[in-house]
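Novice: Below: sequence and its predicted model.
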Amino acid sequence: MSKRIASAGILAAGLMVSGFALAGTPVFMSPAWAQELCTAWNSSPTLADKLGGSWVKNNGGKGYKVMEISDSSLKGSPPVQLEIAPKNGKAECIYGGPAKIAALNYSHDYKMWATTHNWHHMGSPMMAMMFGRLNFKGPKFEAMENMTPFSAFLKLVKDIPATLPAAS
């Protein structure tokens, strides 16, 4: 009898650990997922190093750029934001979470949205924008001058582990 109880306890503990692992994966485009994206940004030499010059300094004097991203398939899901600041010659993500800057200035801030499918099957940024797979507001010439880092960002969006919510 006690062996059965012990076995049941071990099984329950194993299921709890498995459930925790699943529960630990953030939902795509959630604030927790945005924090993971922010961390991944800082680990990407392409983003942190190559955008550490004039790109990150074009921030309207507020000390950081805002990147708002959302999934147009998830109608009830609010956008998330990243804040990217110049630090030691790099473009460092200092915030990833719920959108907190409502009025973006498109001379230096970015807003991007796409469907869940398109976020996960994004090709080159130029082609994605030309064919309407990626919707974009912001300094277009600045983005065009930084296509390699912009491509790395789009790759990060689809590479951050996440659970996919049902479309609303």
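Specialist: All right, it came through fine.
Novice: Low-confidence stretches in this structure?
Specialist: Applying pLDDT under 70 to the chain flags the ranges 1-23, 123-132, 166-168.
Novice: All the helices of it, residue numbers only.
Specialist: Here the chain has its helices, by DSSP state H, at 2-23, 31-43, 45-50, 54-57, 116-120, 125-130, 140-145, 147-159.
Novice: How many neighbouring residues does residue 89 have?
Specialist: Using other Cβ atoms under 10 Å, the number of residues around residue 89 comes to 11. Where you see a C-beta, it was placed from the backbone N, CA and C, and this is true even at glycine.
Novice: Identify the bridge partners of residue 97.
Specialist: When bridges are called by DSSP bridges, residue 97 pairs up with residue 81.
Novice: That one is in contact with residue 33, isn't it?
Specialist: No: with contact defined as Cβ atoms under 8 Å, residue 97 does not count as touching residue 33 (9.6 Å).
Novice: The two: who's more crowded?
Specialist: residue 33 (21 against 17).
Novice: ok, for the more buried one, nearest residue in space, not its chain neighbours?
Specialist: residue 26 (4.0 Å; Cβ to Cβ, 6 or more residues apart in numbering).
Novice: Quick one: neighbours of that neighbour, just the number.
Specialist: Residue 26, neighbours per other Cβ under 10 Å, totals 18.
Novice: same question, the one 4 residues further on
Specialist: By the measure other Cβ under 10 Å, the count of residues near residue 30 is 19.
Novice: I'd like the distance between the closest residue to it other than its chain neighbours and residue 93.
Specialist: Computed as Cβ to Cβ, 6+ apart, the closest residue to residue 30 that is not its neighbour in sequence is residue 80, at 7.2 Å. Distance of residue 80 to residue 93, computed by Cβ to Cβ, to the nearest Å: 12 Å.
Novice: Name the residues contacting each of the two.
Specialist: residue 37 (Cβ atoms under 8 Å, 6 or more residues apart in numbering).
Novice: Just list the residues touching the residue nearest to residue 30, thanks.
Specialist: Contacts of residue 80 by Cβ under 8 Å, 6+ apart are 29-31, 33-34, 37, 68-70, 96-99.
Novice: Separate out the buried members of these.
Specialist: The neighbour count (16 or more other Cβ atoms under 10 Å) marks 29, 30, 33, 34, 37, 68, 69, 70, 96, 97, 99 as buried among those.
Novice: Kindly reformat those as JSON lines containing distance to residue 116.
Specialist: Below are those laid out as JSON lines (distance: Cβ to Cβ, whole Å):
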{"residue": "29", "distance to residue 116": "8"}
{"residue": "30", "distance to residue 116": "13"}
{"residue": "33", "distance to residue 116": "12"}
{"residue": "34", "distance to residue 116": "15"}
{"residue": "37", "distance to residue 116": "15"}
{"residue": "68", "distance to residue 116": "17"}
{"residue": "69", "distance to residue 116": "12"}
{"residue": "70", "distance to residue 116": "11"}
{"residue": "96", "distance to residue 116": "19"}
{"residue": "97", "distance to residue 116": "20"}
{"residue": "99", "distance to residue 116": "18"}
